[in-house]
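K.L.:
Give me coordinates for this.
(chains A, B and C)
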Amino acid sequence: MKSHTIHLTMNVPARMDFVNITDRVAQAVAESGVREGLCLVNAMHITASVYINDAEDGLLHDYDVWLEKLAPHEPTSQYRHNRTGEDNADAHMKRQLMGREVVVAITKGKLDLGPWEQIFYGEFDGRRRKRVLVKIIGE
Amino acid sequence: MKSHTIHLTMNVPARMDFVNITDRVAQAVAESGVREGLCLVNAMHITASVYINDAEDGLLHDYDVWLEKLAPHEPTSQYRHNRTGEDNADAHMKRQLMGREVVVAITKGKLDLGPWEQIFYGEFDGRRRKRVLVKIIGE
Amino acid sequence: MKSHTIHLTMNVPARMDFVNITDRVAQAVAESGVREGLCLVNAMHITASVYINDAEDGLLHDYDVWLEKLAPHEPTSQYRHNRTGEDNADAHMKRQLMGREVVVAITKGKLDLGPWEQIFYGEFDGRRRKRVLVKIIGE
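P.N.:
Below you'll find the model as predicted:
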């Protein structure tokens, strides 16, 4: 069994934004030499997500509006977590809605993605350096 | 390490519906010859889900109502994604709520599921052919 | 390829609560002898979750309030599932919001977690014995 581990560094200037990381994950798969296996991609921070969906600007805007409706940032005083001096309790909810991780099949040496599947990093409390873990196992 | 990859074809006649695929996944595990390992099952389309929950008709109805409340289809004009000519922005949200994939343990040659765990395909923009990927690795 | 399977027994006295299981999962990884691989941790019951987020009491309170808002327990008559004699339909929704499972990388013999990542069991229909599956594969 082969394994390969890399970390991607993310540095999103906005509080909330979405970054397409498909090419960076595909490159890690190529480097790994794995032909058949699994590729785990996860946020290492608890106010960020890795998810798979469409690379379409209108949808990214819609996610922004929708997540704000289901887990509003304001008023920050509504969350007990924010009494610790943070203002990011909503980001801990948004991350649960979008998920921490994806596991993608590797088949014949490539990410086995459907035609519209793109791997995204979702940032919900940005303006700081964060990391994404890519772990590949297989043969 | 062994690996086994199959695709299930789904063709759901309604816009939204839920299909129990547990038996089809179990059959893939049997075919794989894997005794100890992991089984990834994921939607290959971004307006569909694979999730694990109860095979109970009342609950499937409740999911329908609940998903429509949290991510309503109408009015379709509320979503910028729909300006592309689509009317399925809500399906991209519903799929995030229910998830893209499940990873199930394989123990002693079988899916290691709890007593009520059933693997479901959740369709949120049906009336077309879609695929589910089953990837098994182990020994 | 090595594999290791254990079950954790959970017995949460409240209907809804969150239990930090990071140490128990880390111990299973140590027992497995796996240096590079993947660790799946999943609820075996469909009204419970395994998720990764912050071990901060204020946030756990906020999750409680937030989940109750998005998938209220009362009135129990709003859910068709509850006509079966259950009163836990909301728990089947809360579990979808928080997720069934996490997959964590194992690197150099340890769970490869970010600085604040803690593995939690989320119970949404407690006061009974339930199980969590930990499946480790790798080398």
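K.L.:
Which positions in the host helix or strand of residue A:23 come out as buried?
P.N.:
Assigned by DSSP states H and E, residue A:23 belongs to helix A:22-32. For helix A:22-32, burial by neighbour count (16 or more other CB atoms under 10 Å in any protein chain shown) applies to A:22, A:24-26, A:28-29, A:32. Where you see a C-beta, it was placed from the backbone N, CA and C, and this is true even at glycine.
K.L.:
And for stretch A:122-138?
P.N.:
By neighbour count with 16+ other CB under 10 Å, stretch A:122-138 contains the buried residues A:122-126, A:130, A:132-138.
K.L.:
start to end distance for that stretch?
P.N.:
In terms of CA to CA, to the nearest Å, the two terminal residues of stretch A:122-138 are separated by 27 Å.
K.L.:
ok, back up a step: please narrow the buried residues of stretch A:122-138 to those residing in strands.
P.N.:
A:122-123, A:130, A:132-138 (DSSP state E).
K.L.:
So which of those residues would count as near chain B as well?
P.N.:
Among those, proximity to chain B is found for A:137-138 (CB under 8 Å from any CB of the partner chain).
K.L.:
Of the ones in strands among the buried residues of stretch A:122-138, which pair is most distant in space?
P.N.:
Put simply, by CB to CB the two of those set farthest apart are A:123 and A:138, 29.1 Å from each other.
K.L.:
residues touching the closest residue to chain B within chain A, list them.
P.N.:
Nearest to chain B in chain A, going by CB to the nearest CB, is residue A:114, at a distance of 3.1 Å. Residue A:114 sits next to B:43-46, B:131, B:133 when contact means CB atoms under 8 Å, 6 or more residues apart in numbering or on different chains.
K.L.:
Could you pull up phi and psi at it?
P.N.:
phi -70, psi 170 (degrees, to the nearest 10).
K.L.:
wait, does the helix holding residue A:23 contact chain C?
P.N.:
No - Helix A:22-32 does not reach chain C (CB under 8 Å from any CB); its nearest approach is 11.7 Å.
K.L.:
That helix - contacts with which helices or strands?
P.N.:
Using 3 or more CB pairs under 8 Å, 6 or more residues apart in numbering or on different chains; DSSP states H and E, the elements in contact with helix A:22-32 are strand A:2-11, strand A:37-43, strand A:110-111, strand A:118-123, strand A:129-138.
K.L.:
Let me have the ones you listed in TSV, extended by mean pLDDT and distance to chain C.
P.N.:
Output for those, formatted as TSV (pLDDT from 0 to 100; distance: least, CB to the nearest CB, whole Å):
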stretch	mean pLDDT	distance to chain C
strand A:2-11	98	4
strand A:37-43	98	5
strand A:110-111	98	16
strand A:118-123	98	14
strand A:129-138	98	4
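K.L.:
Nearest to residue C:73, out of those?
P.N.:
Of all those, strand A:118-123 sits nearest to residue C:73, with 28.8 Å by CB to CB.
K.L.:
what packs against that closest one?
P.N.:
Strand A:118-123 packs on strand A:2-11, strand A:17-20, helix A:22-32, strand A:37-43, strand A:48-53, helix A:89-98, going by 3+ CB pairs under 8 Å, 6+ apart.
K.L.:
Would you mind writing the CA trace of the first one as PDB?
P.N.:
Same thing as strand A:2-11. Taking only C-alpha atoms (Å, rounded to 0.1, in the frame of the first residue of the first chain), the coordinates of strand A:2-11 have been written out as PDB:
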ATOM      1  CA  LYS A   2       1.200   3.500  -0.900                       C
ATOM      2  CA  SER A   3       0.400   6.600   1.000                       C
ATOM      3  CA  HIS A   4       0.900  10.300   0.300                       C
ATOM      4  CA  THR A   5       0.200  13.300   2.500                       C
ATOM      5  CA  ILE A   6       0.200  17.000   1.600                       C
ATOM      6  CA  HIS A   7      -1.100  20.200   3.200                       C
ATOM      7  CA  LEU A   8      -2.500  23.000   1.100                       C
ATOM      8  CA  THR A   9      -2.200  26.500   2.600                       C
ATOM      9  CA  MET A  10      -5.300  28.700   2.300                       C
ATOM     10  CA  ASN A  11      -5.300  32.400   2.900                       C
END
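K.L.:
And chain B, is it touching that?
P.N.:
No - for strand A:2-11, no contact with chain B is found by CB under 8 Å from any CB; the gap never falls below 9.1 Å.
K.L.:
Give me the contact list for that strand.
P.N.:
Outside strand A:2-11, the residues within contact range by CB under 8 Å, 6+ apart are A:19, A:21, A:24, A:28, A:31-34, A:37, A:44, A:48, A:121, A:123, A:126, A:128-139, C:36-37, C:105, C:107, C:112, C:138-139.
K.L.:
and what of the last one?
P.N.:
Among residues not part of helix A:89-98, those counted as contacts by CB under 8 Å, 6+ apart are A:16, A:43, A:46-49, A:51, A:63, A:67, A:70-73, A:76, A:79-82, A:122, A:124-125, B:96-97, C:51, C:53-54, C:58-59, C:62-63, C:66, C:97-99.
K.L.:
chain center to the helix or strand just after that helix: distance?
P.N.:
Downstream of helix A:89-98, the next assigned helix or strand under DSSP H and E is strand A:101-107. How far strand A:101-107 lies from its chain's middle: 13 Å, per CA atoms, centre = their mean, to the nearest Å.
K.L.:
Ok, stretch A:12-27 next?
P.N.:
So, by CA atoms, centre = their mean, the centroid of stretch A:12-27 is 7 Å from its chain's centroid.
K.L.:
At the geometric centre of chain A, which residue do we find?
P.N.:
Nearest to the mean C-alpha position of chain A, by CA atoms, centre = their mean, lies residue A:50 at 1.9 Å.
K.L.:
I'd assumed residue A:121 was in contact with it.
P.N.:
Yes - at 5.9 Å, residue A:50 counts as touching residue A:121 under the criterion of CB atoms under 8 Å.
K.L.:
which non-adjacent residue is nearest the residue of chain A found nearest chain C?
P.N.:
Checking chain A residue by residue against chain C with CB to the nearest CB singles out residue A:44 as nearest, at 3.1 Å. The shortest distance from residue A:44 to any non-neighbouring residue, by CB to CB, 6 or more residues apart in numbering or on different chains, is to residue C:114 (3.1 Å).
K.L.:
Using neighbour counts, pick out the buried residues of the lengthiest helix in chain A.
P.N.:
Counting by DSSP state H, the longest helix found in chain A is helix A:57-70. By neighbour count with 16+ other CB under 10 Å, helix A:57-70 contains the buried residues A:58-60, A:62-64, A:66-67, A:70.
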